[in-house]
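[1] Output the structure for:
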Amino acid sequence: MNAPLATPRTDALPAILRLRRTKVVATLGPASSTPEVVAALFDRAVDVFRLNFSHGTHEEHRRRTEILRDLERRTGRPVCVMADLQGPKLRLATFAAGRIDLVAGQRFRLDLSMEPGDETRVGLPHPEIFAALVPGAELLLDDGKVRLEVESRGPDHAETRVIAGSALSDRKGVNVPGVALPISALTAKDRADLAFALDLGVDWIALSFVQRPEDVAEARALIGGRAALLAKIEKPQAIDHLEAIVDLADGIMVARGDLGVEMPPEDVPTLQKTIVREARRAGKPVIVATQMLESMVTSPAPTRAEASDVATAIFDGADAVMLSAETAAGAYPLEAVTMMDRIARRVEKDPIWRQMSDAQRVPPRILTPSDAITAAASQVARSLGAAAIVTYTTSGSTTLRAARERPEMPILCMARSAAISRRLMIAYGVHAVIGPVPDGFADKIRGAVRKAAAEGLATPGDLVVVTAGDGDGVAGSTNVLRVATVTAEGMPDMPECKAR
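    Numbers count the residues shown, from 1 in each chain. As a prediction, this is how the structure comes out:
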């Protein structure tokens, strides 16, 4: 799955060259699993394809990955594939009648018995929940439609009072806000799915149910460097350890589904901004996800509120915005990605977006020479009106530093491997390619100029800003910045800036 990419088809370039910097992530599913639909999604807008392991079989995910890698071979473009693990799903057992009605004030018991429930009790086959509960704790059932308050508990049960009642049916989900549950973010199913996804050669693993830094460390150890790790922030407990989680992960997802259930809705927008800001400070890609264009599951157009929601995520500085059911199971997957693309392009034309992006810039906690060179590249490129920034990278760190600066122009990433090129497609503004990297610095500059022109990012007379390192092939060794002019004959010699 990590074979070198084919030489790009020239006829494929115009359709695939993006006119925006914010990336689009789309989930594949029953509505988007044919080669024709996948190719259309890619051509229209999609930069990253998500495989949701909460649904579908291994064979279905294998087939989707084969379609994506075939698309990559045909277009010569890196195609980024993300495997999203399900994580622990806390659910009730069943009811004898299939459903019940609860009213505020009544008593209701949860226990470990798998006997069908009724209006007085139901099974909750998760002893770890009972171990963590304390009197006064809240439980949210069915995405918060039913709210229970714990009055007392034992090792195998909890006596609760109904705070808000509703109809309740079999196997509805359970959330326990404000309580750190003593369970791993990886279930036995997740471990099997993880091993399978790594064998498929996916580029990112998205980890659900992250509560603490140890959850990220556990997953990273199992991944063993075979893919990048994205931590989903969907549990309030993760907010308490946000800085440490961001440091340990390769990327972050603001997963607003469970986060919006377990926290007051009015807190979610400010938390979204906090998470995006912390990820950007660390130079880690950040995705905003969940219910972005939800109405397009059944409608060919979004609501105005949904369009505003997507725009807000872009104004906040997210690297990418994500579609879930809209493309996986919706009736209008192509229209959904087209709309996401249109919203992103419109926002990025707004001068307020540029002002906000600059105002939200936060320096890294530790400034290295490579950070300084990359920040300078963005400033120089803006001052000179350069057509592109070109980064040579071994590990991807140089390109991510460039993306953290949120430059106005595209970032052409020259990577040595298919794996790094694919991973970097998730990052803001990155146009990744793969090919041989010249050894000499002068040859690197010439190669950067030629590639920028060949990719349609620059034309004769344009300037490009190039960053690279003189420690060839050494990750994190970027220490040279050069400005070059695109000409038909070649590159003239121009001054360089070098930091030691």
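[2] so residue 117 sits right up against residue 99, yeah?
    No: at 10.1 Å, residue 117 does not count as touching residue 99 under the criterion of C-beta atoms under 8 Å. Glycine gets a C-beta too; all of them are placed from N, C-alpha and C.
[3] between those two, which one's more packed in?
    For residue 117 versus residue 99, neighbours defined as other C-beta atoms under 10 Å are more numerous around residue 117 (24 against 12).
[4] what are the phi and psi angles of the residue lying closest to that one once chain neighbours are set aside?
    In this structure, residue 117 finds its nearest non-sequential neighbour in residue 95, 4.6 Å apart by C-beta to C-beta, 6 or more residues apart in numbering. Here is the backbone geometry of residue 95 (degrees, to the nearest 10): phi -110, psi 150.
[5] Same question for residue 439.
    Dihedral angles (degrees, to the nearest 10) for residue 439: phi -80, psi -50.
[6] cool, and residue 62?
    Torsion angles, degrees, to the nearest 10, at residue 62: phi -60, psi -40.
[7] How much space separates the nearest residue to it once chain neighbours are set aside from residue 448?
    Spatial nearest neighbour of residue 62, excluding adjacent residues (C-beta to C-beta, 6+ apart): residue 200 at 6.4 Å. Here residue 200 is placed at a distance of 33 Å from residue 448 (C-beta to C-beta, to the nearest Å).
[8] The two: who's more crowded?
    A count of neighbours by other C-beta under 10 Å puts residue 448 above the other of residue 200 and residue 448, at 28 against 20.
[9] In the chain, where is pLDDT below threshold?
    For the chain, the stretches with pLDDT under 70 are 1-17, 470-477, 489-500.
[10] so the spatially most central residue of it, which of the three states?
    For the chain, the residue nearest the mean C-alpha position is residue 287 (3.8 Å; C-alpha atoms, centre = their mean). Here residue 287 is recorded as strand under DSSP: H, G, I helix; E, B strand; the rest coil.
[11] from what I can see it touches residue 253, true?
    Yes: Residue 287 lies in contact with residue 253 (C-beta under 8 Å); the separation is 4.5 Å.
[12] Give the intersection of the neighbour lists for these two.
    230, 322 (C-beta atoms under 8 Å, 6 or more residues apart in numbering).
[13] Can you report how many residues neighbour residue 170?
    15.
[14] correction: residue 358
    There are 11 residues near residue 358, going by other C-beta under 10 Å.
[15] Can you verify it is assigned to a helix?
    Yes: applying three-state DSSP, one finds residue 358 inside a helix.
[16] where does residue 460 land in three-state SS?
    Following three-state DSSP, we place residue 460 in the coil state.
[17] Who are the contact partners of it?
    Counting by C-beta under 8 Å, 6+ apart, residue 460 has contacts 453, 486-488.
[18] Residue 55 now?
    Residue 55 is in contact with 29, 328, counting by C-beta under 8 Å, 6+ apart.
[19] what about it, which SS state?
    Residue 55 ends up coil, using three-state DSSP.
[20] Report the separation between it and residue 193.
    As for residue 55, its distance to residue 193 is 11 Å (criterion: C-beta to C-beta).
[21] Likewise for residue 360?
    Residue 360 is 35 Å from residue 193, by C-beta to C-beta.
[22] what about the two, which has more around it?
    Using other C-beta under 10 Å as the criterion, residue 360 and residue 193 rank with residue 193 on top: 22 against 16.
[23] Just confirm the more buried one is within a strand.
    No: applying three-state DSSP, one finds residue 193 to be helix, outside a strand.
[24] Can you tell me, leaving aside adjacent residues, what's nearest to it?
    residue 53 (4.5 Å).
[25] so what's the backbone phi/psi at residue 159?
    The phi/psi pair for residue 159 (degrees, to the nearest 10) reads phi -90, psi 120.
[26] I figured it hits residue 151, correct?
    Yes: between residue 159 and residue 151 there is a contact under C-beta under 8 Å: 5.0 Å.
[27] any residues in contact with both of the two?
    Contacts common to residue 159 and residue 151, judged by C-beta under 8 Å, 6+ apart, are residue 107.
[28] the more surrounded of these two?
    More crowded of residue 159 and residue 151, by other C-beta under 10 Å: residue 159, with 17 against 13.
[29] partners of that one in the sheet?
    residue 109, residue 152 (DSSP bridges).
[30] tell me the contacts of it?
    With C-beta under 8 Å, 6+ apart, residue 159 has these contacts: 107, 109, 150-153.
[31] If any of the residues you listed are buried, put those into a ChimeraX selection.
    Buried residues within those, by 16 or more other C-beta atoms under 10 Å, are selected in ChimeraX with:
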select :150,153
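[32] quick one: which of the contacts of residue 159 is nearest residue 370?
    residue 150 (51.1 Å; C-beta to C-beta).
[33] That closest one belongs to a strand?
    Yes: the assignment for residue 150 is a strand, going by three-state DSSP.
[34] Now do the same contact list for it.
    133-139, 158-160.
[35] In strands, which of the residues you listed appear?
    Among those, the members falling in strands are 138-139, 158-160 (criterion: DSSP state E).
[36] Between all of those, which two are separated the most?
    Greatest spatial distance among these (C-beta to C-beta): 138 and 159, at 14.0 Å.
[37] Please check the contacts of residue 460 and keep the buried ones.
    Using 16+ other C-beta under 10 Å, the buried ones in the contacts of residue 460 are 453, 486.
[38] Which of the contacts of residue 460 fall within strands?
    Per DSSP E, the contacts of residue 460 never map to strands.
[39] Kindly present the contacts of residue 460 as a markdown table, with separate columns for distance to residue 379.
    Supplementary listing: those in a markdown table, determined by distance: C-beta to C-beta, whole Å:
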| residue | distance to residue 379 |
| --- | --- |
| 453 | 23 |
| 486 | 20 |
| 487 | 24 |
| 488 | 29 |
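[40] Out of the contacts of residue 460, the closest to residue 215 would be?
    residue 453 (45.5 Å).
[41] Can you tell me the element residue 260 falls in?
    Using DSSP states H and E, residue 260 maps to helix 256-262.
[42] Please spell out which residues along that helix are buried.
    Residues of helix 256-262 classed as buried: 256, 258-262 (neighbour count, 16+ other C-beta under 10 Å).
[43] Please export the C-alpha coordinates of the next helix or strand after that helix as CSV.
    Using DSSP H and E, the helix or strand that follows helix 256-262 in sequence is helix 268-282. Provided in CSV are the C-alpha atoms of helix 268-282 (Å, rounded to 0.1, in the frame of the first residue of the first chain):
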residue,chain,number,x,y,z
VAL,A,268,-18.9,24.0,22.6
PRO,A,269,-18.2,27.1,20.4
THR,A,270,-15.6,28.5,22.8
LEU,A,271,-14.1,25.1,23.3
GLN,A,272,-13.8,24.7,19.6
LYS,A,273,-11.8,27.9,19.4
THR,A,274,-9.6,26.8,22.3
ILE,A,275,-8.8,23.4,20.8
VAL,A,276,-8.1,24.9,17.4
ARG,A,277,-5.8,27.5,18.9
GLU,A,278,-3.9,24.9,21.0
ALA,A,279,-3.4,22.6,18.0
ARG,A,280,-2.2,25.5,15.8
ARG,A,281,0.3,26.6,18.5
ALA,A,282,1.8,23.1,18.4
